[in-house]
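J.: heads up, no residue letters with this:
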């Protein structure tokens, strides 16, 4: 509980206030108070739903009151309309992207993967290299439970899969294809851990999202511009698009991509979110 509250404080939500509320209130009164703190601070609905509420649910459960499960259920019901609206917006974005597939240019990506000096690169350059090469999430690349181990020149064993639909957190390690020599991937990950020690997944998203978005070095900004990458998480989509080259004829694109990206075998729909870009050649710019 204490570790969770410390992480929440780093993420911007007042964990001290939450701790005080958990100590003094319960049931509807606790839900009312939590709702007030979330809606009265100008947080975006998506931030409330995706960032703060999941941690608050965990904190209520970890606090250990007898009625914790009922309180969590009440809180989920209270925020159900906002959650549905956020999900609807996300779904609308997926639909829009599916009709406006953006080209991303392969030549600059290949040059970046081949040209990076693992021994001298900064941690942000290494993070970009790893997401391009492995397609793992930011919170997996920088996660405390993560490991990449060499299998052969094109594959590593990946440990540290986060919980996703159809696959439990702490799932068994599994092999993934890499778009850089696997020995370099392992070396880059080890070097990254030295420069930026691994964190809990919740801390990664809260502490590194800004440094890996609006605080990138000029060299990465130039690379993004040349490749037509707009944000860090685009590179997970790029990995998914590149993996289609290896899709068996017996599988649909969604089923294959779901497996490549770490989702469960029965989760087909989530793969739609990765299909907003296509791999193109810079010759198309002309």
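T.: Structure received. A quick note: this is a predicted structure, and the numbers were derived from the prediction, not measured.

J.: isn't there a strand covering residue 158?
T.: Yes - counting by DSSP: H, G, I helix; E, B strand; the rest coil, residue 158 is located in a strand.

J.: Does it touch residue 175 like I think?
T.: Yes - between residue 158 and residue 175 a contact is recorded at 7.4 Å, counting by CB atoms under 8 Å. All C-beta atoms are positioned from the backbone trio N, CA, C, and that covers glycine.

J.: who's more crowded, these two?
T.: residue 158 (23 against 13; other CB atoms under 10 Å).

J.: Next, give phi and psi for residue 276.
T.: Main-chain torsions, residue 276, degrees, to the nearest 10: phi -110, psi 0.

J.: what's near enough to touch it?
T.: Residue 276 makes contacts with 94, 97, 98, 100, 101, 102, 237, as judged by CB atoms under 8 Å, 6 or more residues apart in numbering.

J.: Please apply the same query to residue 181.
T.: By CB under 8 Å, 6+ apart, the neighbours of residue 181 are residue 153.

J.: What of the one 5 residues further on?
T.: With contacts taken as CB under 8 Å, 6+ apart, residue 186 has the following neighbours: 148, 149, 150, 156.

J.: hmm, 10 Å instead?
T.: 118, 147, 148, 149, 150, 151, 156, 157, 178 (CB atoms under 10 Å, 6 or more residues apart in numbering).

J.: same thing with residue 54?
T.: Contact analysis of residue 54 by CB under 10 Å, 6+ apart lists residue 202.

J.: element containing it, please.
T.: Residue 54 belongs to helix 53-63 when elements are defined using DSSP states H and E.

J.: Next secondary structure after that helix?
T.: helix 68-78.

J.: Buried residues in that following helix, which are they?
T.: Across helix 68-78, burial judged by 16 or more other CB atoms under 10 Å covers 68, 71, 72, 74, 75, 78.

J.: Quick check: mean pLDDT of that helix?
T.: For helix 68-78, mean pLDDT is 96.

J.: before we move on, what about stretch 106-121?
T.: 97.

J.: now stretch 276-286
T.: Mean predicted lDDT for stretch 276-286 stands at 85.

J.: List the buried residues in it.
T.: So for stretch 276-286, counting by 16+ other CB under 10 Å, buried means 276, 277, 280.

J.: contacting residues for the second one?
T.: Okay, so that is residue 277. 97, 101-104, 228-230, 234-235, 237-238, 240-241.

J.: Please identify every residue contacting each of residue 158 and residue 175.
T.: 149, 151.

J.: Look at the most centrally placed residue in the chain and report its pLDDT.
T.: By CA atoms, centre = their mean, the chain has its centre lying nearest to residue 137, at 4.2 Å. Predicted confidence (pLDDT) for residue 137: 94.

J.: roughly how far apart are residue 150 and residue 186?
T.: Distance from residue 150 to residue 186, counting by CB to CB, to the nearest Å: 5 Å.

J.: okay, and the common contacts of the two?
T.: With CB under 10 Å, 6+ apart, residue 150 and residue 186 have common neighbours 156, 157, 178.
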